[in-house]
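Visitor: Show me how the following folds:
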Amino acid sequence: MTAIESKAVDPKVAEAKAPPSGLSEFWFYFSRNKGAVIGLVVFLIILFVAIFAPIVAPHSPSVQNRDMLLMPPVWQAGGSWGHILGTDAVGRDILSRLIYGARFSLFIGLVVVTLSVISGVLIGLVAGYFRGRVDTFIMRIMDIILAFPSLLLALVLVAVLGPGLLNAMIAISLVNQPHFVRLTRAAVMTERTKDYVVGSKVAGAGTLRLMFLTILPNCLAPLIVQATLAFSAAILDAAALGFLGMGAQPPTPEWGTMLAEAREFIQRAWWVVTFPGLAILITVLAINLMGDGLRDALDPKLKRS
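Guide: Below is the predicted model:
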């Protein structure tokens with residue numbers, strides 16, 4: 001046997017010794033949290049239903065049937081398989097409105113988180129990198145915003161801007177922004193003094209390159225977890241504003257608005273209130289469980305434990 005042959009390595013052994021890819025390592029730690037996996041499955045189902053709502057929904061969410069007002073669910077006396085979850089006070093199919101409402105809720109969460117992350121990360125980067133008076137000025141404003149209850153502040157902003165879905169999303173994103181500012185600032189302050197940042201600065205990297213290409217990528221893990229939690233909080237806040245008449249306006253099939261329309265029928269038509277509330281509960285719970293799994297997969301301290 002030659003020296004070259006003696007040094008040959010079995011491909012299976014080499015494959016076994018190769019370090020796992022980033023995606024496989026992420027899934028390993030994420031899948032250890034069974035609740036997170038269940039939340040992911042539920043969220044994917046809700047996402048599928050929302051995307052294909054025109055195909056999945058049995059009826060149009062706005063079509064009224066005056067002959068079937070407040071029809072109970074199919075398993076109760078007087079129910080019909082044509083309206084599995086019953087109808088509301090004007091004869092609209094509740095199941096169809098819930099399916100289309102998933103579109104609005106996920107869209108609200110996506111827009112709010114996008115606006116909050118972009119603005120919050122930019123402001124937090126500036127505050128954490130430049131420090132001094134800029135940092136003090138920015139953080140005092142964030143402290144003032146955080147001093148108010150989030151829903152109350154969102155109500156005030158919507159009252160100023162005017163009721164509506166767009167203004168509600170803007171108000172909720174402004175309310176959620178300070179959390180991303182504080183998180184980004186803390187992460188930047190930790191990273192800016194590390195050797196790799198000092199080395200990049202000595203090598204001649206400019207301020208923008210240091211902020212966005214050197215420091216920011218190393219601050220993403222906690223931001224991703226916070227974004228997941230903000231997503232569920234945005235859905236809750238939007239539903240609360242819709243319930244109070246300051247969010248999406250009727251006849252929009254948004255879950256909070258559906259609850260507002262059904263308030264007077266709580267005692268004699270329980271299904272009109274129960275199913276929108278369950279939709280909010282299941283969606284928010286699934287997203288929060290996913291957030292716990294993301295924290296387990298992205299936090300290096302939890303990986304070592």
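
Visitor: Identify the residue nearest the geometric centre of this protein.
Guide: The centre of the chain sits closest to residue 231, judged by C-alpha atoms, centre = their mean, with a distance of 1.9 Å.

Visitor: any idea which helix or strand carries that residue?
Guide: Per DSSP states H and E: residue 231 is located in helix 220-243.

Visitor: hmm, back to that, looking at it, the residue nearest to the centre of the chain is touching residue 113, isn't it?
Guide: Yes. Residue 231 lies in contact with residue 113 (C-beta atoms under 8 Å); the separation is 5.1 Å. Yep, even glycine has a C-beta here, placed from its N, CA and C like the rest.

Visitor: May I see the buried residues of stretch 258-265?
Guide: Buried positions in stretch 258-265, judged by neighbour count with 16 or more other C-beta atoms under 10 Å: 258, 259, 260, 261, 262.

Visitor: Among the residues you listed, which one lies nearest to residue 35?
Guide: Residue 35 has its nearest neighbour among these in residue 259, at 26.5 Å by C-beta to C-beta.

Visitor: Who are the contact partners of that closest one?
Guide: 239, 242, 243, 273, 276, 277 (C-beta atoms under 8 Å, 6 or more residues apart in numbering).

Visitor: Which strands or helices does whichever strand or helix holds the fifth one pack on?
Guide: The secondary structure element spanning residue 276 is helix 270-298 (assigned by DSSP H and E). Using 3 or more C-beta pairs under 8 Å, 6 or more residues apart in numbering; DSSP states H and E as the contact definition, the elements that helix 270-298 packs against are helix 22-31, helix 34-51, helix 94-130, helix 220-243, helix 255-261.

Visitor: show me the contacts for residue 158.
Guide: Residue 158 neighbours (C-beta under 8 Å, 6+ apart): 164, 167, 168, 171, 241, 246, 247.

Visitor: Try it again at 6 Å.
Guide: 167, 168, 171, 246 (C-beta atoms under 6 Å, 6 or more residues apart in numbering).

Visitor: same check, this time on residue 235
Guide: By C-beta under 6 Å, 6+ apart, the neighbours of residue 235 are 105, 109, 284.

Visitor: and what of residue 269?
Guide: Shown in contact with residue 269 (C-beta under 6 Å, 6+ apart): residue 70.

Visitor: where does it fall, phi/psi-wise?
Guide: Per-residue torsions, residue 269: phi -150, psi 80 (degrees, to the nearest 10).

Visitor: how close does it sit to residue 189?
Guide: 55 Å (C-beta to C-beta, to the nearest Å).

Visitor: do residue 164 as well
Guide: In terms of C-beta to C-beta, residue 164 sits 38 Å off from residue 189.

Visitor: would a markdown table of the contacts of residue 235 with distance to residue 64, neighbour count and pLDDT be doable?
Guide: Formatted as a markdown table, the contacts of residue 235 follow (distance: C-beta to C-beta, whole Å; neighbours: other C-beta atoms under 10 Å; pLDDT from 0 to 100):
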| residue | distance to residue 64 | neighbour count | pLDDT |
| --- | --- | --- | --- |
| 105 | 23 | 28 | 92 |
| 109 | 29 | 26 | 93 |
| 284 | 29 | 19 | 96 |
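
Visitor: In TSV, list these along with distance to residue 84.
Guide: Formatted as TSV, the contacts of residue 235 follow (distance: C-beta to C-beta, whole Å):
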residue	distance to residue 84
105	20
109	26
284	23
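
Visitor: which one of those residues is nearest residue 26?
Guide: residue 109 (22.0 Å).

Visitor: That closest one touches residue 233, doesn't it?
Guide: No. Counting by C-beta atoms under 6 Å, residue 109 does not reach residue 233; the two are 8.7 Å apart.

Visitor: shaky segments in the stretch 101-250 of the chain?
Guide: Applying pLDDT under 70 to the stretch 101-250 of the chain picks out no residues at all.

Visitor: Out of the helices and strands packed on helix 270-298, which one sits most buried?
Guide: Among the helices and strands packed on helix 270-298, ranked by average contacts under mean count of other C-beta atoms under 10 Å, first place goes to helix 255-261 (a mean of 25).

Visitor: Rounded mean pLDDT for stretch 260-269, please.
Guide: Average pLDDT, stretch 260-269: 87.
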